[in-house]
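Student: my questions are about this predicted structure, shown below with the sequence.
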Amino acid sequence: MPNSSLLQLENLVVEIPTRRGLLTPVNGVSFNVNQGEILGVVGESGAGKSITGTAITGLLERPARIAGGKILLEGKDLSKLSNDEMRPIRGKEIGAIFQDPLTSLNPLMTVGEQLTETALVHLNIQRREARERALQALIDVGIPAAENRLNGYPHEFSGGMRQRVVIALALIGEPKLIIADEPTTALDVSVQAQVLGLLRQLCRERNTGVMLITHDMGVIAETTDRVAVLYAGRVVEIGSTRRVLTQPRHPYTQGLVAATPTTAVSSGAPKRLNQIPGAMPGLMNIPDGCPFHPRCEYKLPACVESVPVLRTDDKGTLACHLTEGVNLV
């Protein structure tokens, strides 16, 4: 079961100044990740998922900047730290699993060298022990013949094996939090299931908090404890995975759930998948009021006039002027 809060985002704002104007890909995002919990962060491309994870790890590239809010890791505000101050935190306190494992690994170093060097940087140990930990890390993530694989280069591994190596790299520094950004996109379904199962198992065994960024509602259903739904840089709904997937309250969340294919067999004619009309607005064209209102069939006058406030009640957390939620028909 999840324990105390590990990560807290409080009204996080990320801005990108450009010649055409100021872009705000993350606009007041607030949520938390608990110890031993996997929080799914879901939404269409452009929702602000990846850049939120990048802000947490302190890897925003200029001219992007944190313009407001807090990133609290066990009470310490990471948003105020410089890159040099963040360097010892990355890997030791925050691990990262990126979307493409091949580009995440150094092609000129063996897997064993990369794991060993990472352990040496973040743990107060000698090289021999670091090498032993590298071997154990490969064993923990299910690499067969791990001792022989230590001397292999990334291109000698399959996609699924490379992703396991990336997970081992993220875990070898014994971080408290892992940011996993689309970690299974490039994998086939069977390997995807193995990697997600491994991530879930290691999270439970080590009491590590995980922020799992994805656009795949199936991955959310199979892997996460809670889910935060983002749209146009804002959180629109947060709740337990079971509740959000079975009783979504925000019209956007309902659209995502209704657009997810199911393998369930039902009598009668096949049910058509729902399609959310329109597309995610570009950063230069985010509308006033609720950013989802141009695509929402339930919009009220208030939706055009003002941004709904994120509020928490006994059913979860919701930012919608339809405070009681609506049901698709």
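Tutor: Now that the structure is in, tell me what you want to look at.

Student: now do the helices in the stretch 101-250 of the chain.
Tutor: Along the stretch 101-250 of the chain, the stretches classed as helices by DSSP state H, counting those that start in this stretch are 101-104, 111-122, 127-140, 146-149, 159-172, 189-206, 217-223, 241-246.

Student: to residue 282, which of those helices lies closest?
Tutor: helix 217-223 (23.5 Å; C-beta to C-beta). Heads up, the C-betas are built off the backbone N, CA and C, glycines and all.

Student: can you mark which positions in the closest one are buried?
Tutor: Residues of helix 217-223 classed as buried under the neighbour-count rule (16 or more other C-beta atoms under 10 Å) are 217, 219-221, 223.

Student: quick one: contacts of it?
Tutor: Residues from elsewhere that reach helix 217-223 (C-beta atoms under 8 Å, 6 or more residues apart in numbering): 38, 40, 42, 184, 192-193, 196, 199-200, 212, 214, 227, 241, 245, 256-257, 260.

Student: and residue 158, how many neighbours?
Tutor: 10 (other C-beta atoms under 10 Å).

Student: same deal with residue 110?
Tutor: 17.

Student: on that earlier part again, make CSV from the helices of the stretch 101-250 of the chain and add distance to residue 284 and mean pLDDT to it.
Tutor: Below are the helices of the stretch 101-250 of the chain laid out as CSV (distance: least, C-beta to C-beta, whole Å; pLDDT from 0 to 100):
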stretch, distance to residue 284, mean pLDDT
helix 101-104, 29, 77
helix 111-122, 40, 93
helix 127-140, 44, 92
helix 146-149, 47, 91
helix 159-172, 34, 87
helix 189-206, 35, 82
helix 217-223, 28, 89
helix 241-246, 30, 94
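
Student: buried subset of the contacts of helix 217-223?
Tutor: Looks like these have 38, 40, 42, 184, 192, 196, 199-200, 212, 214, 227, 241, 245, 256-257 buried, using 16+ other C-beta under 10 Å.

Student: is residue 68 located within a strand, as I assumed?
Tutor: Yes: when DSSP: H, G, I helix; E, B strand; the rest coil is applied, residue 68 is found to be in a strand.

Student: pretty sure it sits against residue 9.
Tutor: No: the pair residue 68 / residue 9 is not scored as a contact, 11.4 Å apart, by C-beta atoms under 8 Å.

Student: picking that back up, which one of the helices of the stretch 101-250 of the chain lies closest to residue 279?
Tutor: Nearest of the helices of the stretch 101-250 of the chain (C-beta to C-beta): helix 217-223, 17.9 Å.

Student: take that closest one, keep the C-alpha atoms, and write them as CSV.
Tutor: Only the C-alpha atoms of helix 217-223 are listed here, as CSV (Å, rounded to 0.1, in the frame of the first residue of the first chain):
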residue,chain,number,x,y,z
MET,A,217,-5.2,3.9,-21.2
GLY,A,218,-4.5,0.1,-21.3
VAL,A,219,-1.2,0.7,-19.7
ILE,A,220,-2.9,2.9,-17.1
ALA,A,221,-5.4,0.2,-16.3
GLU,A,222,-2.9,-2.6,-15.9
THR,A,223,-0.1,-0.8,-14.0
